[in-house]
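Student: Mind folding the following:
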Amino acid sequence: MTSDTTRSGVDTGRLGTALHPEAHAIVYDQYLPAGDSEDAVGEELRLISEVDRAHLVMLVECGIVDAPRAAALLDAVDGLRRDGFAPVRSRPMPRGVYLAYESWLSERLGDDVGGVLHTGRSRNDLNATTARLRGRDVYRRLLESVEGLAAVLLAKAEEHGEVTMPAYTHGQPAVPITYGHYLAGLGCAVLRAFADLLHAGMELDTNPLGAGAVGGTSVAIDTGRTSELLGFTAPAANSVDAVASRDFGLRLLSASGVLGVAVSRAARDLAAWTSEEVALLRLADDLVGSSSMMPQKRNPFLLEHIQGRATASLGAFSAAASAMATAPYTNSIAVTNEALRQVWPGLRNTTDAVTLLRLVLAGAEPDAGLMLRRAVDGHTSATYLAEQLVSSGMPFRSSHHLVGRVVLRALNASRPLADAVRDTPEVARVAPHDDIEHWLDPATVARANAYGGGPGPASRAGALAGMTAEFHGLRAEFTARRDHWAHGAVLLDAAVGRVTSR
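Tutor: Next comes the predicted model:
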């Protein structure tokens, strides 16, 4: 008998489920070496044709090109789009994709019709425009992954807000916090990255179309209209900058790199906490892998993929920045082709790492009892004890040394910290004699640490409320940006319909 969770080819004996399908797609699906689309030519032609549709509509509305010629061109372009650009794909492309595409339109419709397509523009501003349109999809997927990770962190921080555990410094138990408090701390970094990425992508919303080769055009085009139809917020103000700059790629890689560092550090923590020796967290079967040889293994291998991909954007940044740095500030192949070639796979790797971390955190279950025992055994309440001595008038350094000796006596005698406190009168005087164990319980101490952004309930609740409000604001900004892109597509389809129906 097989089932959805235990089925032939999946059950390894130790593991009864397949890898989570979203993780499987990232880890095992085949990608092209450069991270490009499987149909790069088709995607480039689709983007070119989208720009052409907006450009032709604008030329008609401005009275620069008559409607019948524009309608013939739009019909031909839409036909190519329906056919997957098959007639263009079969042509030789000695001067690139665009000129092969334009030549096909001119041969089919005649120079009097096909020849008007390039009125008031250049391949330079066209390429700058398609680069931003191409970036939208990669950028959207990255932001969606960050949004998903932030949502999981906030939810899990709330869920595990009372699960006491040690915070670690230098790999040693330090002070008591909660697992939810740790997740909220990671959430702070993710929300900052969300904001940074939203800011870094603002240049994607600036329309370079109309900048021509580098000096604009004398044709009285309306760049505001093409901006509206293509979902941009505004046209570029300077023609040189419009064709020279691909700064958005560097900014996105930079913000992704900062996020990747936080993601990789979190994966390191999770790798330690899911080890058999520590075992503070357990991952579900669909988030671990088996061994081909060792039947007992449950390998949290997704964490290694996270660490391997999280900072790939840093390498991509170095490569892209190096390609740009030697180019003049004008249209340049080193910038438009070679530098951007590094950007897309770098951003995709960050997206993959963030997605995998979301899956792991969503499926990780803390062992609350073991976490608390580790906090007790690590004497994580010692700092609280020293601070209580300070409150009674003792200088902190003196209390620090005194409590250190108390902890040493507890360790040497293999006794609880509470017993060592009872045996030390100058320390015991600040403790409630009837319930020292509860007073020094790490969960009690964690609740008492209500200042400085600590895990105390009021502090934690206030921080989570602020983070949640920030998250909703960032998500609303992202949603508005996506909606603006989608609205442009609707406007463009309607405008094309009006021209072709004349």
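
Student: can you pull the contacts of the residue nearest the centre of the chain?
Tutor: By Cα atoms, centre = their mean, the chain has its centre lying nearest to Val146, at 3.9 Å. Contacts here follow Cβ atoms under 8 Å, 6 or more residues apart in numbering; on that basis Val146 touches 190, 193-194, 197, 259, 354. In this view, the C-beta of every residue, glycine as well, is placed from N, C-alpha and C.

Student: Which helix or which strand is home to it?
Tutor: When elements are defined using DSSP states H and E, Val146 is found to belong to helix 123-159.

Student: Flag every buried residue along that helix.
Tutor: For helix 123-159, a neighbour-count test (16 or more other Cβ atoms under 10 Å) marks 123-136, 138-143, 145-157 as buried.

Student: Now do that helix, average pLDDT.
Tutor: Helix 123-159 shows a mean pLDDT of 97 in the predicted model.

Student: Ok, stretch 221-241 next?
Tutor: 97.

Student: try stretch 334-346
Tutor: For stretch 334-346, mean pLDDT is 94.

Student: Endpoint to endpoint, it covers what distance?
Tutor: Across its full length, stretch 334-346 reaches 17 Å between end residues, using Cα to Cα, to the nearest Å.

Student: just stretch 72-91 next, same as before
Tutor: For stretch 72-91, the first-to-last residue distance is 21 Å (Cα to Cα).

Student: re the thing from before, distance of the residue nearest to the centre of the chain from Ala312?
Tutor: 16 Å (Cβ to Cβ, to the nearest Å).

Student: How about Ala386?
Tutor: When Ala386 is compared with Ala312 (using Cβ to Cβ), they lie 44 Å apart.

Student: again, but for Tyr451
Tutor: 39 Å.

Student: Looking at the two, which is more packed in?
Tutor: Each of Tyr451 and Ala312 has its neighbours counted (other Cβ atoms under 10 Å); Ala312 has more, 22 against 9.

Student: which stretches of the protein aren't confidently modelled?
Tutor: Within the chain, the stretches with pLDDT under 70 are 1-13, 29-38, 291-292, 296, 502.

Student: do you know how far the residue lying farthest from the centre of it is from Ser381?
Tutor: Ranked by distance from the centre of the chain (Cα atoms, centre = their mean), the top residue is Pro425, with 54.2 Å. Pro425 is 19 Å from Ser381, where distance means Cβ to Cβ.

Student: same deal with Leu356?
Tutor: Separation of Leu356 from Ser381 (Cβ to Cβ): 36 Å.

Student: Repeat that for Glu228.
Tutor: Relative to Ser381, and taking Cβ to Cβ, Glu228 is found at 62 Å.

Student: So for those two, which residue has more residues nearby?
Tutor: Ser381 (27 against 22).

Student: And that one, how far from Arg429?
Tutor: Distance check for Ser381 against Arg429: by Cβ to Cβ, it reads 17 Å.

Student: Same question for Trp273.
Tutor: When Trp273 is compared with Arg429 (using Cβ to Cβ), they lie 38 Å apart.

Student: So if I had to pick from the two, which one is more boxed in?
Tutor: Looking at Trp273 and Arg429 with other Cβ under 10 Å, you find the greater number of neighbours at Trp273, namely 21 against 12.

Student: give me every residue that touches the residue nearest to that one when sequence neighbours are not counted.
Tutor: Spatial nearest neighbour of Trp273, chain neighbours left out: Leu280 (4.2 Å); criterion: Cβ to Cβ, 6 or more residues apart in numbering. The contact partners of Leu280, by Cβ under 8 Å, 6+ apart, come to 165, 273-274, 366-367, 370-371, 374.
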